[in-house]
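Engineer: I'd like to go over a predicted model; first the sequence, then the structure.
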Amino acid sequence: MSLHADLASLQSTLDQAVERLDAAAAEVRGTERDDLLGDLYEIERHLRAATRRLTRALGSLPPTD
């Protein structure tokens with residue numbers, strides 16, 4: 001598998017992780033576990049930043065190696 005394909009797959013995985021974090025945050029919002037929201041949002045923020053960096057890296061690579 002090429003580097004571009006590997007990184008594109010990783011980007012998809014990060015996108016899915018962000019979606020799952022959003023769902024988890026929605027599940028605990030307004031419950032007795034509302035205290036988790038800060039941590040979940042912080043994790044999401046870091047994953048979104050990683051996704052942006054990965055997108056830039058992918059843009060600098062040719063589509064196939």
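Structural biologist: Good, I have the coordinates.

Engineer: Any figure for the gap between the residue nearest the centre of the chain and Glu44?
Structural biologist: Taking CA atoms, centre = their mean as the criterion, Leu14 is the residue nearest the geometric centre of the chain, at 3.4 Å. When distances are taken as CB to CB, to the nearest Å, Leu14 and Glu44 turn out to be 11 Å apart. C-betas here are computed from N, CA, C, even on glycine.

Engineer: Thought Leu58 was touching His4, still the case?
Structural biologist: Yes - counting by CB atoms under 8 Å, His4 touches Leu58, with 6.7 Å between them.

Engineer: quick one: secondary structure of Glu42?
Structural biologist: Assigned state for Glu42: helix (three-state reduction, DSSP: H, G, I helix; E, B strand; the rest coil).

Engineer: What spatial separation is found between it and Leu58?
Structural biologist: When distances are taken as CB to CB, Glu42 and Leu58 turn out to be 25 Å apart.
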